[in-house]
Each structure stands twice: as structure tokens, then as C-alpha cells.
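# Take this sequence and fold it.
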Amino acid sequence: MTPSSKVRRVAPANAGLTLIEILVVMVIIAMFATLVGQRLFRNVERARQTTAKVQITEFESVLDLFRLDVGRYPTSEEGLASLRVKPPNVSNWDGPYLRKDVPPDPWGRPYIYRFPGQNGDFEVVSYGADGQEGGEGEATDIVNWK
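Here you go, the predicted structure:
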């Protein structure tokens, strides 16, 4: 055989994928993406709840420092902002007690601060994913007394 006499093979007409085969593959990929997506979103929500718990714990620590310096916790009106900016008519304030402004909760809403609290000296609350008091699962309230 000479190099110029190579035989060309022609693919048979049924060598491609059928529409049914493509649809089956797409359905399998969609099912896989749904399963993976659900797991990822569950982990994101758990991470938000953990972040809120950590931030509330930090608030508890700096609120105790505020109390040691001032002799009392901030009032509900003064709020958590008093950890960054000196409230009027407060002596012995030795802040700022936070390096940055008070962050919103992981869902983008402000933390609720109450003094005096019904469940301790003070309360710091995030209402969770739904932004409403009460709830379970993703909507669980994150509080400093539990």
C-alpha cells in the first residue's frame, strides 16, 4: 500500500447520540446537582448560625469589659453601639471595646440588645434566617442565654 492509497473509513449513520440518551444524561446530571446543592446550602446555613453564636459570645465578653469600666451594662437605648462610641454622660468609658463597627447578624439584620434582660443581666439576640422571633431549624433564634 502506498501512502496515497489510504482507505478512509466512514462512520455509520447511527454512530451519534440519540435525543433520549442526551435527555437521560441531563436528568442524571440535574439529580446529582440537586443533591449536592442541598448539602451545600445546609452547610451554609449551619455556618451562619455558628457565626452568629461566635459574634454573640464576643459581644458578651466586651459587654463585661464595658461593665467593669463603667460600672453597669449599656442601656437598651445605648445598645451595642456604645461598645464603639462613648455614650453621652458616661464616665470611665475606656473604649472602643470593638475594633470595628458592630456587624449585622449573618442574615444582614442588626442584633437585638436588651438591658435588663429577662434571661440574665442582658440579652443579645439574632432572630435567625426568618427574622422573626421563635422558630426551628434554619429559623432558630440565636441567643446568649442558651
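# CA atoms for contacts and neighbours, from now on please.
OK.
# which residues of this structure score low on pLDDT?
Residues of the chain meeting the criterion pLDDT under 70: 1-15, 40-41.
# mind listing what the residue sitting nearest the centre point of it touches?
The residue lying closest to the centre of the chain (Cα atoms, centre = their mean) is residue 48, at 2.4 Å. Residue 48 makes contact with 106, 107, according to Cα atoms under 8 Å, 6 or more residues apart in numbering.
# The residue nearest to residue 70 when sequence neighbours are not counted sits in which helix or strand?
In this structure, residue 70 finds its nearest non-sequential neighbour in residue 92, 5.3 Å apart by Cα to Cα, 6 or more residues apart in numbering. Using DSSP states H and E, residue 92 sits in no helix or strand.
# What is the burial count for residue 92?
Per other Cα atoms under 10 Å, the neighbour tally for residue 92 reads 11.
# how about the helices of the chain, start to end?
Counting by DSSP state H, the chain has helices at residues 19-70.
# Number of residues surrounding the closest residue to residue 100 other than its chain neighbours?
Of all residues not flanking residue 100 in the chain, residue 84 sits nearest, at 7.5 Å (Cα to Cα, 6+ apart). By other Cα under 10 Å, 15 other residues sit near residue 84.
# Check whether residue 84 really touches residue 94, as I assumed.
No: with contact defined as Cα atoms under 8 Å, residue 84 does not count as touching residue 94 (10.1 Å).
# if we can go back for a sec, could you report the separation of the residue nearest to the centre of the chain from residue 38?
16 Å (Cα to Cα, to the nearest Å).
# what does residue 116 give?
Counting by Cα to Cα - residue 116 and residue 38 are separated by 40 Å.
# So these two - more neighbours on which side?
Shown here are residue 116 and residue 38; by other Cα under 10 Å, residue 116 has more neighbours (14 against 11).
# OK, contacts around that one?
Per Cα under 8 Å, 6+ apart, neighbours of residue 116: 75, 76, 122, 123.
# same thing but at 7 Å, please
With contact taken as Cα atoms under 7 Å, 6 or more residues apart in numbering, residue 116 is in contact with residue 122.
# likewise residue 80?
Residue 80 neighbours (Cα under 7 Å, 6+ apart): 102, 113.
# What of residue 94?
Contacts of residue 94 by Cα under 7 Å, 6+ apart are residue 69.
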